[in-house]
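**Student:** Below is the sequence, then the predicted model.
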There are 2 protein chains.
Amino acid sequence: MRQKSYQDIRALVLARIHAQIWPPGARIPGEADLAAEFGCARATVNRALRELAEAGLIERRRKAGTRVAVNPVRKATLELPVVRLEVEGRGETYDHKLLLRETETPPDHVRARMNLPAGVRLLHLKTLHMADACPYMFEDRWLNRRTATGIDAADLNRISANEWLVQNVPFSGGDIAFFAAAASGDEAGALNIAPETAIFVVERTTWRGLDPVTATRLAYAPGYRMTTRI
Amino acid sequence: MRQKSYQDIRALVLARIHAQIWPPGARIPGEADLAAEFGCARATVNRALRELAEAGLIERRRKAGTRVAVNPVRKATLELPVVRLEVEGRGETYDHKLLLRETETPPDHVRARMNLPAGVRLLHLKTLHMADACPYMFEDRWLNRRTATGIDAADLNRISANEWLVQNVPFSGGDIAFFAAAASGDEAGALNIAPETAIFVVERTTWRGLDPVTATRLAYAPGYRMTTRI
DNA sequence: CAGGTGAATATGTGCAGACATAATAAACTT
DNA sequence: AAGTTTATTATGTCTGCACATATTCACCTG
């Protein structure tokens, strides 16, 4: 290891933390010191430490220095791909059925989530996503035509609303919630399971600036596991 | 905005993507060009674009250049703090009860998750975590004494195993799964709910190098929502 | 025309130096 | 002694330059 990369430095620092040479809470040498010790530029040390800080393993503050995190808040990154790619990524064939497409007045909890005034009418979609011809996920979506312009011209039997949106309506942010619920009659019927079965639910609201784009409730068929590594 | 920071550049590029000046799939100018246009160093542009790439909004390849992602795989980062901090962070008072502490032979599925040979005996812990004196989460944990050395000396009535581990056994990685399940008798009893109620479950296995440290199943009380923003 | 080869090019990373900024510690004042 | 100002210091970031590396594309060759 003649020339040291920032990844090498990161690994070296991580090793010392794991070996408890620098135990939790301890202050580690400054960037300049480490650069001198490892024989590289301070910028290189900086990048290594910055990444470790982003991962929650160390805490950095100006003047105060860098210390090993006492309660390392592990950050898990979940990838939220388009459903089709998620299914195809596992080698299964994807398909979807549009079950409902109506303009309706949304229930209050949806209206509240989207921060819209009373009386608005939204496009309501219900879609069943399938993997290898088996029910995979039931999607209940409310769409704001003001931000999702062009949705009425889309052929949602060919391309799912999910996919149409990511490709056509760039959004700036969103809220996501994951929880467990007992399957509603609607969901049980679509997924072909008994009502009240425990299912994994994802609720997502996306925004374009301050304007809501869409609010969705994704009900996954029993057995679904969302996984990641840290 | 006399001097431009990498955050400014990032925002400028993001704005062009949102405004569809650079639509999905389009190739954007090279770093050198952008640096010239924005009047900053290439390194600054590089950092801005690197962060956007990490967020999944653009895709970069050497020689091929940078293009706007067609299917932006949104990455949600979940913070997984120690239970106590999660509860206290919401202004509730935390408490926990150690319900079981035995050395036992783990069931096969646990043994498989931890990649351990048949016949091993592990420390088995059951803990009920509470928020404002109400059952909050039931934790079923199996611990490997080889990696979690010192656990037998810990006073797990004062500090939860969860917290003892993060502070004493640095781990190098782990697998996490989130899913919904019907509450088992054990879980229903501890959480004081009806059996078969839909609950949110997190299963985590952590490793130190190639050696397993612990395998846990966290069963959250009904109503629990794991949330984040993207 | 198939297939290999090498030049061209965009990103990836390293370095040294400089200044900016935040937070602490020390000095000073009232 | 308490509060305020000032100096110090470690991290944060920018610049300009250099070289590394992965691809692509054009070209050559059989």
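**Tutor:** It's in.
**Student:** Just give the nearest non-adjacent residue to A:Ser5, would you?
**Tutor:** A:Thr44 (7.4 Å; Cβ to Cβ, 6 or more residues apart in numbering or on different chains). For the C-beta atoms, the positions are set from N, CA and C on the backbone; glycine is no exception.
**Student:** Can you tell me the element the one you found falls in?
**Tutor:** helix A:42-54 (DSSP states H and E).
**Student:** Where does the prediction get shaky in chain A?
**Tutor:** A:1-2 (pLDDT under 70).
**Student:** Domain map for it?
**Tutor:** By the assignment in automatic domain parsing, chain A contains the domains A:6-68, A:83-220.
**Student:** tell me how far the shortest one is from the chain's mean position?
**Tutor:** Looking back up the chat, that one is domain A:6-68. Relative to the mean C-alpha coordinate of its chain, domain A:6-68 is positioned 29 Å out (Cα atoms, centre = their mean, to the nearest Å).
**Student:** circling back to that earlier point, how near is the residue nearest to A:Ser5 to DNA strand D?
**Tutor:** Relative to DNA strand D, A:Thr44 is positioned 10 Å away (criterion: Cβ to the nearest atom of the strand, to the nearest Å).
**Student:** got a list of what that residue touches?
**Tutor:** Counting by Cβ atoms under 8 Å, 6 or more residues apart in numbering or on different chains, A:Thr44 touches A:4-6, A:9, A:35, A:38.
**Student:** can you tell me which two in these are farthest apart?
**Tutor:** For these, the maximum inter-member distance is 13.4 Å, found between A:Ser5 and A:Ala35 (Cβ to Cβ).
**Student:** Between these two, which is the more surrounded one?
**Tutor:** Taking A:Ser5 and A:Ala35 together and counting by other Cβ atoms under 10 Å in any protein chain shown, A:Ala35 has the greater number of neighbours (18 against 13).
**Student:** hmm, back to that, ok, so of the contacts of A:Thr44, who is nearest A:Val70?
**Tutor:** Proximity of the contacts of A:Thr44 to A:Val70 was ranked by Cβ to Cβ; the top entry is A:Ile9 with 22.6 Å.
**Student:** Surely A:Thr127 forms part of a strand?
**Tutor:** Yes: using DSSP: H, G, I helix; E, B strand; the rest coil, the assignment for A:Thr127 is a strand.
**Student:** Pull out the buried residues from stretch A:219-228.
**Tutor:** Neighbour-count burial for stretch A:219-228, with 16 or more other Cβ atoms under 10 Å in any protein chain shown as criterion, is recorded at A:219-222, A:224, A:226.
**Student:** can you put these in CSV and add secondary structure and distance to B:Asp140?
**Tutor:** Putting the buried residues of stretch A:219-228 into CSV (DSSP: H, G, I helix; E, B strand; the rest coil; distance: Cβ to Cβ, whole Å) gives the following:
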residue, secondary structure, distance to B:Asp140
A:Ala219, strand, 26
A:Tyr220, strand, 23
A:Ala221, coil, 25
A:Pro222, coil, 21
A:Tyr224, coil, 21
A:Met226, strand, 20
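**Student:** just these now: which is nearest DNA strand C?
**Tutor:** A:Met226 (27.9 Å; Cβ to the nearest atom of the strand).
**Student:** And that closest one, how far from A:Val202?
**Tutor:** Summarising the geometry, the distance separating A:Met226 from A:Val202, computed by Cβ to Cβ, to the nearest Å, is 8 Å.
**Student:** okay, and the common contacts of those two?
**Tutor:** Common contacts of A:Met226 and A:Val202, defined by Cβ under 8 Å, 6+ apart, comprise A:Phe178.
**Student:** ok, which stretches of chain A are helices?
**Tutor:** Assigned helices in chain A, in chain order: A:6-18, A:31-38, A:42-54, A:83-88, A:108-114, A:161-168, A:185-191 (criterion: DSSP state H).
**Student:** So what's the residue count around the residue lying closest to A:Thr66 once chain neighbours are set aside?
**Tutor:** In this structure, A:Thr66 finds its nearest non-sequential neighbour in A:Arg60, 4.7 Å apart by Cβ to Cβ, 6+ apart. Counted with other Cβ under 10 Å, the neighbours of A:Arg60 add up to 15.
**Student:** now swap in A:Arg90 and tell me
**Tutor:** Residue neighbour count, defined by other Cβ under 10 Å, stands at 10 for A:Arg90.
**Student:** Show me what the residue lying closest to it once chain neighbours are set aside bridges to in the sheet.
**Tutor:** Counting by Cβ to Cβ, 6+ apart, A:Ala131 is the residue found nearest to A:Arg90 once chain neighbours are left out, at 7.4 Å. Beta-bridge partners of A:Ala131, counted by DSSP bridges, are A:Tyr94, A:Cys134.
**Student:** Report how many residues lie close to A:Ala131.
**Tutor:** If you count neighbours by other Cβ under 10 Å, A:Ala131 ends up with 20.
**Student:** cool, and A:Ala161?
**Tutor:** Using other Cβ under 10 Å: A:Ala161 sits among 22 other residues.
**Student:** thought it was touching A:Leu125?
**Tutor:** Yes: taking contact to mean Cβ atoms under 8 Å, the distance of 5.3 Å between A:Ala161 and A:Leu125 places them in contact.
**Student:** between the two, what contacts are shared?
**Tutor:** Listed contacts common to A:Ala161 and A:Leu125 are A:139, A:141, A:143; contacts here mean Cβ under 8 Å, 6+ apart.
**Student:** Tell me, how many residues neighbour whichever residue of chain A sits closest to DNA strand D?
**Tutor:** Among the residues of chain A, A:Gly30 lies closest to DNA strand D, at 3.2 Å counting by Cβ to the nearest atom of the strand. The number of residues packed near A:Gly30 is 14, by other Cβ under 10 Å.
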